[in-house]
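Peer 1: Using only what follows, build the 3D model:
(one chain, ligands or ions: 1)
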Amino acid sequence: MSDYDVVVVGGGPGGYASALYGASAGLNVALVEENKVGGCCLHRGCIPAKALLQAAEVFRAVKHSGDFGFRLPDGVQATTDWPAVNARKAGIVGQLHKGLSGLLRRRKVTVVEGRGRLTGDGAVAVGDQTLRGRAVIICAGSVPRSLPGMEIDGDRIITSDHATNSDRDALPDRVAVIGGGVIGAEFASVFTDLGVHTTLLEALPHGVLPIGPDRQVADILGLALARRGTDIHPAARVGTLEHNRNGIVVPFEHAGGAEKIEVDQVLVAIGRRPFTEDMGLEEAGVRVSERRFIEVDTTTMATSRPNVYAIGDCVDTPGLAHVAYAEAIVAVHAILGETPVPVDYARVPWVVYTHPEVAWAGLTEAEAREAGHTVEVHKHSFAGNGRAMIIGDTDGMVKVVAATDGPILGFHLVGPWASELLAEGYLAVNWEALPSEVAAFIHPHPSLSEAIGETMITFSGRSLHG
Ligand SMILES: Cc1cc2nc3c(=O)[nH]c(=O)nc-3n(C[C@H](O)[C@H](O)[C@H](O)COP(=O)(O)OP(=O)(O)OC[C@H]3O[C@@H](n4cnc5c(N)ncnc54)[C@H](O)[C@@H]3O)c2cc1C
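Peer 2: Take a look at the predicted model:
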């Protein structure tokens, strides 16, 4: 029997952030992880996926190096050394894993290896150990979803878990990505840029990012992918996948009728589900929804069982690592008896690391209008931005949605380094800044951020370069 202030179950972003933040506040924390600390994000998600996207970015730059005045000798073409790309990615993951393990050690967090199960009396059993805490935080995360007819074999029919941990010698020639959401779009972008013939099949009427971002912004990504060769089929209903001697046959129906394509690999990216089975939740009195999300009061992240909290992908809030971090802080504040500042889920930052990148915070134009706001919308393209021309990447725009004579409600980007540029828009939305207030701030020249300043100035009815 061990005694802790907090027992954390699951060592992904939600779990390790709870442990680190709790320990920094002086709490004695145990962290239970059945796999590797870092969770999906570090080992199968954010980090490896972004490392692959960066490799694709470099490959694109090499292919277009002629635009910058560099010449490859005649007949020489850049090719992908897939094992080397994966080795670089694995190196980054390994370094971050080592760093995180060291940080947990230095903060004196007790890491317990094994699967944690809640017991009826609110303790956590791990093998034959029982860990008791004044509080428990469940951070069990999520796993990829699949459907009947799309049985995952990890080789020809895969999920992002396999795509981020490929042990193939070379990329497949032809891939079908099923699902045009964030994960599907990011992998379609990687595969397309690395020269794989990529077909993207999405059941909803818009083929790329059908849910979430502002439509205008998402459509610019869709067009950019299509121009680079991604074969995008919206409103496509995929049937049962069949293996044949050459690969996988993917049947689908769309507006144009029924079709079949043959590919070497299928990436199923139709969403994720909470990983909340077989951990004693019901026995311990922790209420779980029909879709198996743990039910919480988001002002404290408390579950239906006193002193048991849940955060991250296992609760029904945006499935993002940084949301899990923020929820960890809320739960730890509640455990410390302080007053947490709850996460404002309608205004969290979202980033899709495709090429071009898409990023936003707050309401889309359609959402703002549906919510009854009278809105004013201004946009500014990167096409005339000096820095965008210098880096050779002018596709995209800034779009700002504000209440008429009122604050900024939504900030939307598609284009180069949108992921980094979002920080300013995120602050503007969450500070409920007026466009005129942001317009008064200076943006360095030459920089991509000037496009943000230009957009804000346009709200005054005047403009600089717009
Ligand atoms: C391909 C891909 C790309 C992504 N890219 C991004 C991105 O760019 N930005 C972003 O913000 N988010 C991204 N995400 C989402 C992000 O990975 C998740 O939101 C985040 O990992 C959730 O953190 P978590 O702690 O809730 O769960 P997880 O990261 O899933 O961690 C849960 C951990 O708990 C462990 N566990 C579960 N149950 C038990 C148990 N009973 N006992 C012991 N251990 C247990 C698991 O082994 C796992 O390590 C991406 C996801 C994928 C799949």
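
Peer 1: Am I right that Leu200 falls within a strand?
Peer 2: Yes: in this structure, Leu200 lies within a strand as judged by DSSP: H, G, I helix; E, B strand; the rest coil.

Peer 1: So what's the predicted local confidence for it?
Peer 2: The model reports Leu200 with a pLDDT of 98.

Peer 1: and Leu20, that one's in a helix?
Peer 2: Yes: per three-state DSSP, Leu20 lies within a helix segment.

Peer 1: Not counting sequence-adjacent ones, nearest residue to it?
Peer 2: Leaving aside its chain neighbours, Leu20 sits nearest to Arg107 (5.8 Å; criterion: C-beta to C-beta, 6 or more residues apart in numbering). All C-beta spots, glycine's among them, are computed from the backbone N, C-alpha and C.

Peer 1: Tally up the residues packed near the one you found, please.
Peer 2: Using other C-beta atoms under 10 Å, Arg107 is surrounded by 16 other residues.

Peer 1: please begin residue numbering at 29 from this point
Peer 2: Sure, I'll start counting at 29 from here, so that last one is Arg135.

Peer 1: State whether it and Leu55 are indeed in contact, as I suppose.
Peer 2: No: Arg135 lies out of contact with Leu55 (C-beta atoms under 8 Å); the separation is 9.9 Å.

Peer 1: Identify the residues contacting the residue nearest to Leu48.
Peer 2: Ala47, Leu48, Ala51, Ser52, Val57 (C-beta atoms under 8 Å, 6 or more residues apart in numbering).

Peer 1: Can you report how many residues lie near the fourth one?
Peer 2: Same thing as Ser52. 11.

Peer 1: pLDDT score assigned to it?
Peer 2: For Ser52, pLDDT reads 98.

Peer 1: ok, the spatially closest residue to it that is not a sequence neighbour to the ligand distance?
Peer 2: With sequence-adjacent residues excluded and distances taken as C-beta to C-beta, 6+ apart, Ser52 is closest to Arg135, at 6.6 Å. Distance from Arg135 to the ligand, counting by C-beta to the nearest ligand atom, to the nearest Å: 17 Å.

Peer 1: now Val218
Peer 2: According to C-beta to the nearest ligand atom, Val218 stands 11 Å off from the ligand.

Peer 1: So for stretch 465-476, what gets flagged as buried?
Peer 2: Within stretch 465-476, the residues scored as buried using 16 or more other C-beta atoms under 10 Å are Val466, Ala467, His471, Ser475, Leu476.

Peer 1: now, the most widely separated pair of those?
Peer 2: The largest distance within those, taken as C-beta to C-beta, falls between Ala467 and Leu476 and amounts to 16.8 Å.

Peer 1: In the stretch 379-494 of the chain, which residue sits nearest the ligand?
Peer 2: At 6.0 Å from the ligand, Tyr381 is the closest residue in the stretch 379-494 of the chain, using C-beta to the nearest ligand atom.

Peer 1: thinking again about what came up before, near the ligand, which of the contacts of Arg135 show up?
Peer 2: Among these, not one lies near the ligand by C-beta under 6 Å from any ligand atom.

Peer 1: Need those in CSV (columns: distance to His190).
Peer 2: As requested, the contacts of Arg135 are exported to CSV (distance: C-beta to C-beta, whole Å):
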residue, distance to His190
Ala47, 28
Leu48, 30
Ala51, 34
Ser52, 36
Val57, 33
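
Peer 1: So which of those residues wins on neighbours?
Peer 2: Highest neighbour count within the contacts of Arg135, by other C-beta under 10 Å: Ala47, with 30 neighbours.

Peer 1: Am I right that that residue is in contact with Leu59?
Peer 2: Yes: with contacts counted by C-beta under 8 Å, Ala47 reaches Leu59, the gap being 4.5 Å.

Peer 1: got the contact list for Gly438?
Peer 2: Contacts for Gly438 (C-beta under 8 Å, 6+ apart) come out as Asp242, Trp388, Ala389, Gly390, Leu391, Thr392, Glu393, Glu395, Ala396, Val428, Val429, Val457.

Peer 1: which non-adjacent residue is nearest the fifth one?
Peer 2: Right, Leu391. Gly438 (4.1 Å).

Peer 1: so the one you found is in which element?
Peer 2: Take DSSP states H and E as the rule and Gly438 turns out to sit in strand 436-443.

Peer 1: Quick one: mean pLDDT for the helix or strand following that strand?
Peer 2: Of the helices and strands lying after strand 436-443 in sequence (DSSP H and E), the nearest is helix 446-458. The average pLDDT within helix 446-458 is 98.

Peer 1: Which residue ranges make up the domains of the protein?
Peer 2: As assigned by automatic domain parsing, the chain contains the domains 30-172+301-373, 185-298, 384-488.
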